[in-house]
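*Asks:* What follows is a predicted structure for the sequence shown.
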Amino acid sequence: MKTDNTDYEYNEDAQGKQIAALLDEKAQRLSMRVLKQLENGRNQAVNRHQKQQGSTVNADGTLSHWVSWADHHRVAMAGLALALLVSAFLIMQSMSANETSDAFLLGADLPPEAFVDKGFEPALNQSASL
Amino acid sequence: MASSQELSDFLQNVERRAFKQTAYAVRDDHAAMDIVQDAMLKLADKYPDKPVTEYPMLFQRILQNTMRDFWRRQKVRSLWTTLLSSFGTQSDDGETRDPLDTMDVDDGSQNPATQLEGSQTLQVIETALQKLPARQREAFVLRYWEEMSVAETAESMGCSEGSVKTHCSRALHTMAALLAQQGLGTVKELNT
Amino acid sequence: MKKFWLVGSLLLAMHAQAATNQEQLAMADIGAIKTSLSDDVPAKKWAELTEQQRSVLTPLSAEWDTLRPWQREKMLDIAEDYPKMDAKKQKRVQNRLNTWSRMTPYERENARKRFQKFHSLSPEEQQNLRNKWAEHQKLPEQEREKMRKQSGEVYYDPELD
């Protein structure tokens, strides 16, 4: 029946929107590194666009985004400190993680195909830390 | 003709979800960033005369094309692609399926560290999104995440409105099934 | 403010330490976070690589300029670790570079996780797996595909965000 179909479609739409809302929420919580990269990409595109239009580069227009991002001094400093802490942690990790780098993977007794094939020795599928 | 400020505003609005959407599709953050930055430049470079109202659909199309370019240019030979292609790649709705679509994806729901039901739901949804065939995922993202109409989605994807509805329906069924499988009930139930 | 400078100087000290060893981190494709916030290093063309890098990455010379910047960086990480290995391992690396570069990012990520687990095993267990692999390769593809389907998913690490 037509009415039933419409109801069904409506429910589906509602479901779809709810799922998308969850996904969008997560998309707003990106790392500072990723946000900075996106900003760089955006600025490059905008500069290119400005050149195409033949107008003078609006320094304020480009800068304002940076300024709004780091609007509050405290937030910016806290963010920077956090980024430094994360970097420190990762440097520490890297210094101990050398022997499982890609080079050592490729140099191992088993070829990379053995590591790609998750059907071979499924016990390897479990994390080493577990 | 959109102004540079309008372009900047548009990109700032779309960039985060564009990044995540691309990451779900190509399953790699580095590649996703590459693709999104590429797409931003292309939009500015190749369509400087377009009005800002056309940007949403235009940008999505550029993103999809750039993703396809990425796979083609890598000359990637998935060890299983050649195998799968020998079994035929025609999907049941008559559209050619990308063999890479049928690759398994990590099921994040098995992560023992995620105890909170909320984040577990999200993880299952993300896994489902990555597991979907490309066209279903694209339809879902454009229709519900980018909030395009069925007609706009069809135009963007270059298919019929009926196909769009079918893709979306199947995508939602898959997600609902995976959520149910994990005992998480429907999204609707969780939100009440 | 004081705390900030303390952290900052601590980081600088560690960074200097890391720089003398290797600044480059060979990290996973997925969810990788680099030490520097900026990713704007332009991709090096084949001709711009050092002699050492080119000697290690020779198998990739033909396709080098088609690789994306981040892919080239990963390969350069391999070149950096190369001198740390014995001749036998180095030969293997050279032989396997092409296969590695043609895998999908997802396959490489899975391989890294499984290799980490492999690396944590004892030498005897590793040797055991070597024998098992020889046997596994003799199985028909259908059988291997079945095993893939039956196996558990590779352990999922939440993104470090």
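*Replies:* Happy to help now that I have it.
*Asks:* For chain A, which residues score under the pLDDT cut-off?
*Replies:* A:1-5, A:54-76, A:78-79, A:81, A:83, A:86-98, A:127-130 (pLDDT under 70).
*Asks:* what about 90?
*Replies:* Scanning chain A with the threshold set as pLDDT under 90 gives A:1-15, A:28-33, A:48, A:50-100, A:117-119, A:122-130.
*Asks:* mind listing the strands for it?
*Replies:* Assigned by DSSP state E, chain A shows no strands.
*Asks:* Just give me the longest helix of it.
*Replies:* Identified as the longest helix of chain A according to DSSP state H is helix A:2-28.
*Asks:* and that helix, which residues are buried?
*Replies:* A:12, A:15-20, A:22-24, A:26-27 (16 or more other C-beta atoms under 10 Å in any protein chain shown). Backbone N, C-alpha and C define where each C-beta goes, glycine included.
*Asks:* Same question for stretch C:68-76.
*Replies:* In stretch C:68-76, counting by 16+ other C-beta under 10 Å, buried: C:68, C:70-76.
*Asks:* And the longest helix of chain A, what does it pack against?
*Replies:* Helices and strands touching helix A:2-28, by 3 or more C-beta pairs under 8 Å, 6 or more residues apart in numbering or on different chains; DSSP states H and E, are helix B:4-26, helix B:117-131, helix B:161-181, helix B:187-191.
*Asks:* Please identify the deepest-packed of those helices.
*Replies:* Comparing those on average neighbours per residue, with mean count of other C-beta atoms under 10 Å in any protein chain shown, the densest one is helix B:4-26 at a mean of 21.
*Asks:* now that helix against helix B:117-131, angle please.
*Replies:* Between the axes of helix B:4-26 and helix B:117-131, defined by axes from the mean of the first three to the mean of the last three C-alpha atoms, to 10 degrees, the angle is 80 degrees.
*Asks:* Following the chain onward from the helix or strand hosting B:Ala32, which element is next?
*Replies:* Secondary structure from DSSP states H and E places B:Ala32 in helix B:29-46. Remark: after helix B:29-46, the chain's next helix or strand is helix B:55-73, criterion DSSP H and E.
*Asks:* Any buried residues in that next one, and which?
*Replies:* B:55-64, B:66-67, B:70-71.
*Asks:* what do you get for stretch C:51-69?
*Replies:* C:53-54, C:56-57, C:59-60, C:64, C:67-68.
*Asks:* Residue ranges of each domain in chain B, please.
*Replies:* Here the domain parsing of chain B from automatic domain parsing is B:4-73, B:106-191.
*Asks:* is the longest one anywhere near chain A?
*Replies:* What that stands for is domain B:106-191. Yes: Domain B:106-191 is in contact with chain A by C-beta under 8 Å from any C-beta of the partner chain, via B:121-122, B:125-126, B:129, B:140-141, B:143-145, B:147, B:165, B:168-169, B:172, B:175-176, B:186-188, B:191.
*Asks:* sorry, back to before: closest one to chain C among the helices and strands packed on helix A:2-28?
*Replies:* Comparing the helices and strands packed on helix A:2-28 by their distance to chain C (C-beta to the nearest C-beta), the top pick is helix B:4-26, with 7.5 Å.
*Asks:* by contact count, what packs against the closest one?
*Replies:* With contacts taken as 3+ C-beta pairs under 8 Å, 6+ apart, helix B:4-26 sits against helix A:2-28, helix A:32-53, helix A:59-69, helix B:29-46, helix B:55-73, helix B:117-131, helix B:134-140.
*Asks:* With distance to C:Asp81 as extra columns, can I get those in JSON lines?
*Replies:* Formatted as JSON lines, these follow (distance: least, C-beta to C-beta, whole Å):
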{"stretch": "helix A:2-28", "distance to C:Asp81": "34"}
{"stretch": "helix A:32-53", "distance to C:Asp81": "23"}
{"stretch": "helix A:59-69", "distance to C:Asp81": "36"}
{"stretch": "helix B:29-46", "distance to C:Asp81": "19"}
{"stretch": "helix B:55-73", "distance to C:Asp81": "27"}
{"stretch": "helix B:117-131", "distance to C:Asp81": "30"}
{"stretch": "helix B:134-140", "distance to C:Asp81": "35"}
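*Asks:* Which one of those lies nearest to B:Glu152?
*Replies:* helix B:55-73 (6.1 Å; C-beta to C-beta).
*Asks:* got the contact list for the closest one?
*Replies:* Residues from elsewhere that reach helix B:55-73 (C-beta atoms under 8 Å, 6 or more residues apart in numbering or on different chains): B:2, B:7, B:10, B:14, B:18, B:21-22, B:25-26, B:31, B:34-36, B:38-39, B:42-43, B:47, B:50, B:98, B:100, B:138, B:142, B:146, B:148, B:152, B:155-156, C:66, C:68.
*Asks:* do the same with stretch A:10-28
*Replies:* By C-beta under 8 Å, 6+ apart, stretch A:10-28 touches B:16-17, B:19-21, B:121-122, B:125-126, B:129, B:140-141, B:143-145, B:147, B:168-169, B:172, B:175-176, B:186-188, B:191.
*Asks:* helix, strand or coil for B:Met1?
*Replies:* Three-state assignment for B:Met1 (DSSP: H, G, I helix; E, B strand; the rest coil): coil.
*Asks:* pLDDT wise, what is it at?
*Replies:* We have a pLDDT of 83 for B:Met1.
*Asks:* of all the buried residues of helix A:2-28, which comes closest to A:Gln126?
*Replies:* A:Lys26 (26.3 Å).
*Asks:* How is chain A divided into domains?
*Replies:* The domain map for chain A lists A:1-30, A:35-71, A:72-121, with the assignment taken from automatic domain parsing.
*Asks:* re the thing from before, nearest to chain B among the buried residues of stretch C:51-69?
*Replies:* Once C-beta to the nearest C-beta is applied, the member of the buried residues of stretch C:51-69 that ends up nearest chain B is C:Arg68, at 5.6 Å.
*Asks:* Just confirm the closest one contacts B:Met33, I think it does.
*Replies:* No: using C-beta atoms under 8 Å, C:Arg68 makes no contact with B:Met33, being 10.2 Å away.
*Asks:* picking up where we left off before, could you export the buried residues of stretch C:68-76 as JSON lines, including secondary structure?
*Replies:* Below are the buried residues of stretch C:68-76 laid out as JSON lines (three-state DSSP):
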{"residue": "C:Arg68", "secondary structure": "coil"}
{"residue": "C:Trp70", "secondary structure": "helix"}
{"residue": "C:Gln71", "secondary structure": "helix"}
{"residue": "C:Arg72", "secondary structure": "helix"}
{"residue": "C:Glu73", "secondary structure": "helix"}
{"residue": "C:Lys74", "secondary structure": "helix"}
{"residue": "C:Met75", "secondary structure": "helix"}
{"residue": "C:Leu76", "secondary structure": "helix"}
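*Asks:* What about chain A: which of those residues touch it?
*Replies:* Answer for the buried residues of stretch C:68-76 near chain A (C-beta under 8 Å from any C-beta): C:Lys74.
*Asks:* Determine which two of the buried residues of stretch C:68-76 are furthest apart.
*Replies:* The widest separation within the buried residues of stretch C:68-76 (C-beta to C-beta) is 12.8 Å, between C:Arg68 and C:Leu76.
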